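Student: Return a 3D structure for these sequence lines:
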Amino acid sequence: MGEIDLRTKKDYSSQVNYRTLNHEGGMKVRVLEILKDDVQNNEAGKWLYVLLTSPMWVESGKWIEKYQKFLIFLPDDIPIFDFEE
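Tutor: Just a heads-up that it's a prediction; the model follows:
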């Protein structure tokens, strides 16, 4: 849950390609790699390289298909729920 910036390049300084919507379903991903701890916009968190496991709408109105890889910054205070399919 929450709004997360999605980068298609595995580069911390790359442009944000999409931003998730803050909706009940959250973002369903498989973590491929935990990259590093960092602080972004005064929030502590982790950089993760993830695989999207369910399609979703993003802020721009675009539909993102599953099985795409993204670099994300996940703040420490965002709740994470572990679900198995």
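Student: So Asn22 is in contact with Met56, correct?
Tutor: No: using Cβ atoms under 8 Å as the test, Asn22 is too far from Met56 to be in contact (11.7 Å). The way it works is simple: take the backbone N, C-alpha and C, and place the C-beta from them, glycine included.
Student: can you pull the contacts of Gln68?
Tutor: Residues in contact with Gln68 (Cβ atoms under 8 Å, 6 or more residues apart in numbering) are 8, 51-52.
Student: how about 10 Å then?
Tutor: Contact partners of Gln68, counting by Cβ atoms under 10 Å, 6 or more residues apart in numbering, are 6, 8, 17-18, 50-52, 55.
Student: quick one: it and Asp11, what's the gap?
Tutor: 16 Å (Cβ to Cβ, to the nearest Å).
Student: do the same with Thr53
Tutor: Following Cβ to Cβ, the distance that separates Thr53 from Asp11 is 23 Å.
Student: next one: Glu33
Tutor: 13 Å.
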